[in-house]
Each structure stands twice: as C-alpha cells, then as structure tokens.
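> fold the following, please.
(chains A and B)
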Amino acid sequence: MNVLLDYLPEFRDGFLGTLAITGSSALLALVLGVLIAGFRVSPIPPLRAFGTAWVTLLRNTPLTLLFLVAVFVVPQILVPGASPFVLATLALGFYTSSFVCEAVRSGINTVPLGQAEAARSIGMTFSQTLRLVVLPQATRTVLPPMSSIFIALTKNSAIAGAFSVTDLFGHSKLLSDKGYAIGWIFLWIALAYLVITFSISALFRVLERRMGVAR
Amino acid sequence: MSGASVLYDVPGPKAKVRNRVYTVVGSLAVLAVLAFIVMRLGDKGQFDPEKWNIFNYAGVRTGIRDGVLATLKVFAIAAVLSLVLGVLLAVARLSDHKAVRWLATGFIELFRAVPLLITVYALWVILLSNRDDLSLTGSQPQFWALVLGLTVYNGSVQAEVLRAGINSVPKGQSEAAYALGLSKTQVMTTVLIPQAVRAMMPTIISQLVVTLKDTSLGFIITYEELLYSARQMSTNIIVNGEDVYVPVIIVTGSIYVAMCLALSALANWIERRGRRAKTGIGVAEAGEPVAATDALEVSDAVPAAPAGKDN
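Modelled structure (predicted):
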C-alpha cells in the first residue's frame, strides 16, 4: 500500500510511459498492418510474396529478439543515436503489424463475395474496390480480434521497459531494487495494466456498437 | 474461391501490361530496400569474413548449442506443466462448486491480464530473496522463475482454450454419458476432455509456439538461454575492434524462426488431418493463435463446424 502512495509520481510516469509506447506502436502497427494486408490480397505477385514473408517472419520471431535487432542492428542501418522510445516503437509496431495484417486479411475474406463483384461490375479498380467497398465493411468483423491484438500489445510493451524505455515494468524494477516488497508492487502494476486493458476492450465495445449493422 | 481473386478482374491485355509494370516496380522496391539494408550493414563491415569466421570456433558453437538446449529445456518443462495446469484450471472453472469456480476464474483472469514479463520478474525476485530457504543454487532461481512464470501464464491461456473446447462438445455427448451412469469424473475424463483436446489441438500447439517464443524472456532475467548466450557472445567477442551483434543476431534469429516454424507446421498438419476426418466435431483453425489466445475472450475461438474456411 505504502509503495503506491510514496512513489505516486513514479507510478504515474510508468503508467503514462506504458500508454505512450502502446499508443505509438499501435498506430504504427495499424498503418503497416492494413498496408501489408492490402499487399497480401493484391494482384501483384512480388507484393503478395513480400506480405507473406513479412507475416511469417515476424510472427515466428520472439519479441525480445526483435528488440535486440531494434537496439543493435537498426541504428547501424539507419541513423545512429535514435532514442530508445523510437526503437521500441519500431520493434513493437513491426511485430504487432503482422497480427493486424492477418486480422484484416481474414476480415476481408468475410465480406460477402457479391460486394466485391458488384464493385467490379461497375468498373472499380482493385484499389477502389478495396478502399471504398471491402475495407469499410471488413472493419466491423476486424474490430473484435483487433481489440485482442491491442490488449496483447499493451502487455508486450512491458518488454520495452527492459530496454530502457520509461514504463510500468521499468519502474517496478527500480522500486524492487530499492527493496520494496515485490508482492505489493506486482499487485499495483497488475491493477494498472488491468485499467489499460479494460479501457481498450470497453473502447472497442463502444466502437462495435456504433459500427454494428444488421446483416 | 479465395477472397483475393474476387477483388480484381481477370486482367485483360491492358491490365496485364499494367500489372507487369507494377510487378517490376514492386520487385525493384522490395529489392531496393533489401539492398539498402545489406549495403548499410556491409559498409559497417558486418559481412566481413572475419566477423562470420567466429562460427568456426568450438566455443561459439558450444555456446549456441547450450543456448538452444537451455531454451528447449525450459520450453519442454513449461509446456508439460502448463498443459497439466491448463487441464486442472479448465476443469476447476467448469466445476459445480462455486468456490472452486471462482478461485479458478480469478487465477486465470489475473495471470492472463498481467504481462508475462512482470510475472516472471516478480517470481525471480521472490525466488532470489528466498534462495537459501529453497536451497536454489547458481542459475536455478532464474530457471524456475521462467518455468513457473511461463506455466502460470500459458496454463491460464490453455485452460481457456480447453474450456472453449469442452463447451463446443455437443451437449448430447455428456447427457448420453450421464444416462449410462458415468460419474462426473468419468464423463469429464473419458468423454469431454478427449474430444475437447482433439478439437483444440491446433490452437493448443499454436499456444505452445507462443510458449517457445516467450522463453526468450529469460534474456531479461539473465537466464542463459539462446538469446542471452547470443547477447553474451556478441559483447564478449571482439573482431576488428567491434562487437559482433549483427552476425550473431542473424544466426540466432534464424534458429528461433526455424524452431517456431517447425511447431507451427505441426499445428497446420494436424488441422488439415482433422479436417479430412469426417467423424467427431470439427478441429479449430490454426493460424489465429496468438491473437485469439492473448485475448480476454478466448471462448470466441470455439471451432466452427467442419465446413472449413473457404466460402
């Protein structure tokens, strides 16, 4: 109990840090995931192959390894001296994008065939069909798996704390190094994560209700 | 009919030309990105023969081998324990006794909501501070923290997977078993669980892939599994006055991907095999494992009818 009251600023920093890293990598994952899902259903073979390779590779790599790549390899390729936050966002965003891509792709497959056929029959191109007809309808079926993916992302963001990004895990480590009972720290941190994950599922429930359409 | 081909027309002469142009441009773009990465790494001397020569040394080879063995050891023990815990928790959550049900539900929800890293870290601190009472030596606190953490987290997830499987067994099955005079235990062990396990096999194995990937968290609590030994090697070996992160990460990464792909292939094979069989209830689709199992509601992943996924 005392740990929380004595170190309220630290807990707040950690909480905000977790929110920030989750938010930024969710954004990156969303953009990349939708783009790559588009690649995977496109009529251009190399883009399809690229999408498949991307998803297979990233889904079968441990996230900790991706963090190592982000911290030690990426600075050699791009500019050196990027902040840990940016590198962690890259690792988390790339990793999560493969799951987003698969969710979007299976969402595209659930849109009734007639929709795409109708779009084609009035002369829409591939990108028009996808952008104007299929993706908006896929959004509804994609929402529930997307909520699970973002909850998983929130939990995965704890690993960023081990790579010197300010977040809840980093602060729990600091406090336990200071000799506070790990049991209490664990409970408060667990509570903080529960708050975030419950907000995500509540947000998505609202979204589902607003976008829900009787089929 | 796959969803892909319905999205665009069969290309005519013009579209064929256009697609060919896009193909060339797309391949060039992908190749350009790859070439850029390789060139930048090459400029930094990451592909120098000296740097890759380290894999000829016996020390590096045994280091990698020991790392793989340590990873597999953690994975094997955690996989077995998590499956046992999963069965126990699933049965407890479906128990007729309210207290047992609530306890199991609370356990599952707590450990599924907390990031695995934090569970593992808390266990590590607890084991480290009690290492003398538990007579743990050397790297044993790390080992058991990792194994126990993986067990409680994946056990909770497996429990939800199994519960979904048990719920997907048609009600007539258990009613028939009760009508024959079987006891509750007999119904569970001889009728429900075998069918649930069979239906959920792909999802269970996919979750095992997650378990395998998560053994890499041992890196953070300094347990000497593959990733940690890779890190150690990269910092300790100095070639041309530089560390050897890039070659070591490329090699260990390939090992991880190969191990996970092998397990995923097993899941896919079982799914295909299950779909071929006409008896019993359908086998859940593999492929959505992590998304589905990291979720708060795994019960959504109940297997569909044997119809399959093509519409």
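> for the record, mean pLDDT for stretch B:126-133?
Per-region confidence: stretch B:126-133 scores 84 on mean pLDDT.
> what about that stretch, how long is it end to end?
End-to-end distance for stretch B:126-133: 11 Å, by CA to CA, to the nearest Å.
> give the buried residues for the strand or helix carrying residue A:198.
Using DSSP states H and E, residue A:198 maps to helix A:182-211. Buried residues in helix A:182-211, counted by 16 or more other CB atoms under 10 Å in any protein chain shown: A:182, A:185-190, A:192-193, A:196-197, A:200-201, A:204. C-betas here are computed from N, CA, C, even on glycine.
> would you mind putting the residues you listed into TSV with pLDDT and distance to chain B alongside?
Formatted as TSV, the buried residues of helix A:182-211 follow (pLDDT from 0 to 100; distance: CB to the nearest CB, whole Å):
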residue	pLDDT	distance to chain B
A:182	79	4
A:185	83	8
A:186	84	4
A:187	85	9
A:188	85	11
A:189	86	6
A:190	86	5
A:192	88	10
A:193	89	6
A:196	90	10
A:197	88	6
A:200	90	9
A:201	87	6
A:204	89	11
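> closest to residue B:106 out of those residues?
Nearest to residue B:106 among the buried residues of helix A:182-211, counting by CB to CB, is residue A:190 at 12.0 Å.
> who's in contact with the closest one?
B:110, B:113, B:114, B:118 (CB atoms under 8 Å, 6 or more residues apart in numbering or on different chains).
> for the third one, grab the count of nearby residues.
It refers to residue B:114. Neighbour count for residue B:114, taken as other CB atoms under 10 Å in any protein chain shown: 26.
> look up how far residue B:70 lies from it.
The gap separating residue B:114 from residue B:70 is 25 Å, by CB to CB, to the nearest Å.
> and the angle for the longest helix seen in chain A with helix A:182-211?
The residue-count maximum for a helix in chain A (DSSP state H) belongs to helix A:8-40. On the basis of axes from the mean of the first three to the mean of the last three CA atoms, to 10 degrees, helix A:8-40 is oriented at 40 degrees to helix A:182-211.
> any residues touching the helix or strand following helix A:8-40, and which ones?
Sequence-wise, the next helix or strand downstream of helix A:8-40 (DSSP H and E) is helix A:45-59. Residues from elsewhere that reach helix A:45-59 (CB under 8 Å, 6+ apart): A:36-37, A:39-42, A:66, A:94-95, A:97-99, A:101-102, B:22-23, B:26-27, B:30, B:257, B:261, B:290.
> one more pass at 6 Å, please.
With contacts defined as CB atoms under 6 Å, 6 or more residues apart in numbering or on different chains, helix A:45-59 is touched by A:36, A:39, A:40, A:95, A:98, A:101, B:23, B:26, B:27, B:30.
> stretch A:147-166 too?
Against stretch A:147-166 from outside (CB under 6 Å, 6+ apart): A:13, A:17-18, A:21-22, A:26, A:63, A:67, A:71, A:84-85, A:88, A:96, A:99, A:167, A:169-170, A:196-197, A:200-201, A:204, B:115, B:117-118, B:220, B:291, B:294-295.
> tell me the contacts of residue B:194?
Shown in contact with residue B:194 (CB under 6 Å, 6+ apart): no residues.
> just the pLDDT for the most centrally placed residue in chain A.
The centre of chain A sits closest to residue A:26, judged by CA atoms, centre = their mean, with a distance of 3.8 Å. Looking at residue A:26, its pLDDT reads 95.
> list the contacts for it?
Applying CB under 6 Å, 6+ apart, the residues contacting residue A:26 are A:150, A:153.
> separation between it and chain B?
To chain B, residue A:26 is 14 Å away according to CB to the nearest CB, to the nearest Å.
> do the same with residue A:150
In terms of CB to the nearest CB, residue A:150 sits 10 Å off from chain B.
> does the lengthiest helix in chain B reach chain A?
For chain B, the longest helix by residue count, based on DSSP H, is helix B:58-93. No. Against chain A, helix B:58-93 shows no contacts by CB under 6 Å from any CB of the partner chain, the least distance being 9.7 Å.
> pull out the buried positions in whichever helix or strand comes after that helix.
Once the chain leaves helix B:58-93, the next helix or strand it forms, by DSSP H and E, is helix B:98-113. Across helix B:98-113, burial judged by 16+ other CB under 10 Å covers B:104, B:107, B:108, B:111, B:112, B:113.
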